[in-house]
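Chemist: the sequence and its predicted three-dimensional model are supplied below.
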Amino acid sequence: MKLVVLGSGTSVPHPQRASAAFWLDTAAGSMLLDCSADAAHRMAEESLDWPSLDAVWISHLHLDHCGGLASLLFGLKWAPQTQSRRKPLKIFGCEGIKKLLRAIDDSNDYGLLEQPFPIELHEISAGKALFEMLSGLQAQTLSTPHTRESLAILLTDSDEASVVYSSDTGYSEELAWFAREVSLLILECSFWRNKPTSKHLELEDAMRIARLAEPRRLLLTHLYPEWEGVHLEGKAKELWSGTTIEACDGLRLEI
Ligand SMILES: [Zn+2]
Ligand SMILES: [Zn+2]
């Protein structure tokens with residue numbers, strides 16, 4: 001698998017960090033992990049093959065994670081590059097994703113689900129679910145202590161490479177076991193210290209999860225501006241001896 005970080009930031013507008021979105025190339029096809037309002041243009045900026053995008057995953061309904069889905073569909077519907085496309089786009093999202101899309105769609109008769117190609121929209125219930133995201137790409141979900149519908153996802157492809165994307169979460173040992181020994185753990189680390197809420201992680205929490213999960217590599221993302229001027233990887237090393245990488249927009253990783 002290959003990962004491209006499209007957005008390592010949060011809901012707070014930032015000159016170098018777009019809101020949450022990741023591009024993942026797998027043996028089974030390409031997918032987006034979350035689709036912030038910045039995602040569509042970031043895909044183009046990174047010269048990714050967005051007209052052939054195979055799947056989208058939406059972790060929860062906060063707009064810094066799903067606010068770009070409707071505009072992505074609007075863009076795909078009218079882009080010259082997709083008019084001859086016939087293969088489906090699969091969208092898997094948390095509970096409420098259908099209601100959200102329907103509400104936007106009905107507000108102006110956009111016809112977002114009527115594309116030159118089929119859209120397959122699947123809602124994944126809170127809790128544990130097992131499904132095939134793309135042929136040969138297995139997905140498993142876990143509820144996280146963030147919002148009622150929020151889900152972490154584990155993806156495993158035919159090469160046995162595995163990725164967990166926590167999206168937004170509070171501290172959870174269950175999440176650590178869920179991510180046990182994965183090839184890459186993409187973990188939120190909203191704050192350095194003194195976090196103002198239990199619904200996100202600060203460095204100490206993230207590294208406690210890393211010590212339990214022992215991923216081959218840890219990618220810390222969803223970085224609030226509080227991180228500015230802090231040497232994240234150095235601070236992480238003091239708490240876990242494994243490999244921690246600070247996400248930045250445009251970062252590319254082989255998994
Ligand atoms: Zn967020
Ligand atoms: Zn959130």
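Modeler: Happy to help now that I have it. Ligands and ions are numbered 1, 2, ... in the order given.
Chemist: checking the residue positioned nearest the centre of the chain next. Helix, strand or coil?
Modeler: With distances taken as CA atoms, centre = their mean, the chain has residue 33 as the residue nearest its mean C-alpha position (3.1 Å). Secondary structure of residue 33, reduced to three states by DSSP: H, G, I helix; E, B strand; the rest coil: strand.
Chemist: any idea of the pLDDT on it?
Modeler: Among the per-residue scores, residue 33 shows a pLDDT of 99.
Chemist: just the one 4 residues further on next, same as before
Modeler: At residue 37 the predicted local distance difference test score is 98.
Chemist: give me the neighbour count for it.
Modeler: Residues lying near residue 37 (other CB atoms under 10 Å) number 21. All C-beta atoms are positioned from the backbone trio N, CA, C, and that covers glycine.
Chemist: give the next helix or strand downstream of the one helix or strand residue 92 maps to.
Modeler: Following DSSP states H and E, one finds residue 92 within strand 89-94. Secondary structure here is assigned by DSSP H and E; on that basis, the next helix or strand after strand 89-94 toward the C-terminus is helix 97-108.
Chemist: now what about that next one, what contacts it?
Modeler: Surrounding helix 97-108, the residues in contact under the criterion CB atoms under 8 Å, 6 or more residues apart in numbering are 58, 61, 66, 69-70, 73, 91, 110-113, 121, 123.
Chemist: still on that earlier bit, please name the bridge partners of the residue nearest to the centre of the chain.
Modeler: Using DSSP bridges, the beta-bridge partners of residue 33 come out as residue 22, residue 57.
Chemist: make sure it is actually in contact with residue 26.
Modeler: No - proximity of residue 33 to residue 26 does not meet the contact threshold set by CB atoms under 8 Å, at 11.2 Å.
Chemist: what residues does the stretch 151-255 of the chain have near ligand 1?
Modeler: Within the stretch 151-255 of the chain, the positions lying close to ligand 1 (CB under 5 Å from the ion) are residue 168.
Chemist: what does the stretch 151-255 of the chain put close to ligand 2?
Modeler: Counting by CB under 5 Å from the ion, the positions of the stretch 151-255 of the chain adjacent to ligand 2 are residue 168.
Chemist: which residues in the stretch 1-150 of the chain form helices?
Modeler: With DSSP state H, counting those that start in this stretch as the definition, the stretch 1-150 of the chain shows helices at residue ranges 39-45, 63-66, 69-78, 97-108.
Chemist: ok so, going back, now, the most widely separated pair of the contacts of helix 97-108?
Modeler: When CB to CB is used, the two most widely separated members of the contacts of helix 97-108 are 61 and 111, lying 22.1 Å apart.
Chemist: show me what contacts the residue in the stretch 151-255 of the chain positioned nearest to ligand 2?
Modeler: Nearest residue of the stretch 151-255 of the chain to ligand 2: residue 168, at 3.5 Å (CB to the ion). Residues in contact with residue 168 (CB under 8 Å, 6+ apart) are 59-60, 62, 65, 144, 146-147, 150, 188, 190, 199-200, 222.
Chemist: okay, buried residues for the strand holding residue 92 please.
Modeler: By neighbour count on 16 or more other CB atoms under 10 Å, the buried set for strand 89-94 is 89-94.
Chemist: ok, now stretch 158-172?
Modeler: Buried residues in stretch 158-172, counting neighbours by 16+ other CB under 10 Å, are found at 161-172.
Chemist: where along this protein do the strands fall?
Modeler: Shown for the chain, the strands assigned by DSSP state E span residues 2-7, 21-26, 29-35, 55-58, 89-94, 119-124, 129-134, 137-143, 151-156, 162-165, 184-188, 217-221, 243-246, 252-254.
Chemist: which ones are touching the residue in the stretch 1-150 of the chain that ligand 2 sits nearest to?
Modeler: With CB to the ion as the measure, residue 62 is the residue of the stretch 1-150 of the chain nearest to ligand 2, at 3.4 Å. Under the criterion of CB under 8 Å, 6+ apart, the contact list for residue 62 reads 11, 147, 168.
Chemist: quick one, what contacts the nearest residue to the first one once chain neighbours are set aside?
Modeler: If you skip the residues right next to it in sequence, residue 11 has residue 64 as its closest partner in space, 3.8 Å away by CB to CB, 6 or more residues apart in numbering. Listed by CB under 8 Å, 6+ apart, the contact set of residue 64 reads 9-11, 19-20, 36-37.
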